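Chemist: When you get a sec, could you give me coordinates for this:
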Amino acid sequence: MNAIQTESLTKYYGKSRGIIDVNLTVPEGDFFGFIGPNGAGKSTTIRTLLGFISPTKGKAEIFGKDIRSKKVEILSRVGYMPSEAAFYHNMKVREVIRYSAALRGIDCDQEAKRLCSRLELDTEKKISELSLGNRKKVSIVCALQHEPTLCILDEPTSGLDPLMQREFYTILEEFNEKGTTIFLSSHVLSEVQRHCKHAAVIRDGQILVSDSIDNLGQSHTKRVALRGIDTLPQLEGVRNLEQNGDAVNFLYGGRLDELLKTLSGLPLTDVNITEPDLEEIFIHYYSKEEER
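Modeler: Just a heads-up that it's a prediction; the model follows:
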């Protein structure tokens, strides 16, 4: 069974674009990254999946259940973390966490204490006294304390320091190993590459590509670094050209035989051709879209 399945999911706000014909498949037990810059449609997709806003057209299912007719049943199995969480400022952290659990009618004290300890969260402080990072920790505990079967996390690491980001992903990986499906949106490509099994790239409300992290890395684009030349001859498929003295770096998406033929005629002192990282591939997909 798929944890998330959408077909032509579309949302317009009046005449303004939200998302257009989003087709996503997230298998149960996956660790899935949803990649895109601010305004790409990540949050709109997530809010539509959770039933917070109604789609203009298309359909979506979570664990095989329609998001509109089975909304309450779906939400009982989901842990949701918004990109910007809002809490009652005068409540203490422990009160907010217990209130969140009480809304579900579940005793989550044991798991909440474990998570608070892992995240080094002071539960006696008031929300108004917390930094952005500590408010983020409260949001994490509220999303995970009931041990959901699906976690939907919207830009979850913004505001967390690097050590706490590492601990957060360790926690998510532990949940995932026990069978929890993780679906997280991010514009931090290194996070997605390091932790996710599959990912989708969204831009201007439309999915550009959705595949395994390994396959996304096989974009037939190469990172090329050259030394010994002042100018690179004209070559079709060159992107992101950078030059510093006799050093030339670029992404290459053309025919490999043409690249090698061109390089063989140059007075090079060094050549390095490697696979690009996910961030460069992300730029590659966006560049292709801009050419259409």
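Chemist: Alpha carbons of the longest strand anywhere in the chain, in PDB - could you do that?
Modeler: Taking DSSP state E as the criterion, the chain has its longest strand at strand 2-13. Extracted in PDB, the C-alpha atoms of strand 2-13 (Å, rounded to 0.1, in the frame of the first residue of the first chain):
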ATOM      1  CA  ASN A   2       1.100   3.600  -0.700                       C
ATOM      2  CA  ALA A   3       1.200   6.000   2.300                       C
ATOM      3  CA  ILE A   4       0.500   8.900  -0.100                       C
ATOM      4  CA  GLN A   5      -1.000   8.800  -3.600                       C
ATOM      5  CA  THR A   6      -2.200  11.800  -5.500                       C
ATOM      6  CA  GLU A   7      -3.700  12.200  -9.000                       C
ATOM      7  CA  SER A   8      -3.700  15.600 -10.700                       C
ATOM      8  CA  LEU A   9      -4.000  17.300  -7.400                       C
ATOM      9  CA  THR A  10      -4.600  21.000  -8.100                       C
ATOM     10  CA  LYS A  11      -5.200  24.000  -5.900                       C
ATOM     11  CA  TYR A  12      -6.000  27.600  -7.000                       C
ATOM     12  CA  TYR A  13      -6.500  30.500  -4.700                       C
END
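Chemist: who does it touch, helix- and strand-wise?
Modeler: When contacts are defined as 3 or more C-beta pairs under 8 Å, 6 or more residues apart in numbering; DSSP states H and E, strand 2-13 packs onto strand 16-22, strand 25-27, helix 42-49, strand 57-62, strand 181-186. From N, CA and C alone the C-beta is placed, and that goes for glycine too.
Chemist: so which of the ones you listed gets nearest Gly205?
Modeler: strand 16-22 (4.3 Å; C-beta to C-beta).
Chemist: Now the closest one: buried residues?
Modeler: Neighbour-count burial for strand 16-22 flags Gly18, Ile19, Ile20, Val22 (criterion: 16 or more other C-beta atoms under 10 Å).
Chemist: Assign a three-state SS to Phe87, would you?
Modeler: Put simply, Phe87 is coil when judged by DSSP: H, G, I helix; E, B strand; the rest coil.
Chemist: isn't it right next to Glu95, touching?
Modeler: No: the pair Phe87 / Glu95 is not scored as a contact, 9.5 Å apart, by C-beta atoms under 8 Å.
Chemist: Counting neighbours, go ahead and name the busier of those two.
Modeler: Using other C-beta atoms under 10 Å as the criterion, Phe87 and Glu95 rank with Phe87 on top: 20 against 16.
Chemist: returning to that earlier point: run through who's touching the longest strand of the chain.
Modeler: Applying C-beta atoms under 8 Å, 6 or more residues apart in numbering, the contact partners of strand 2-13 are 18-30, 32, 44-45, 48-49, 53-64, 149-150, 181, 183.
Chemist: Go again with 6 Å.
Modeler: 18-28, 44, 48, 55-62, 150, 181 (C-beta atoms under 6 Å, 6 or more residues apart in numbering).
Chemist: can the helices and strands packed on strand 2-13 go into JSON lines with extra columns for distance to Ser210?
Modeler: Below are the helices and strands packed on strand 2-13 laid out as JSON lines (distance: least, C-beta to C-beta, whole Å):
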{"stretch": "strand 16-22", "distance to Ser210": "10"}
{"stretch": "strand 25-27", "distance to Ser210": "7"}
{"stretch": "helix 42-49", "distance to Ser210": "12"}
{"stretch": "strand 57-62", "distance to Ser210": "15"}
{"stretch": "strand 181-186", "distance to Ser210": "12"}
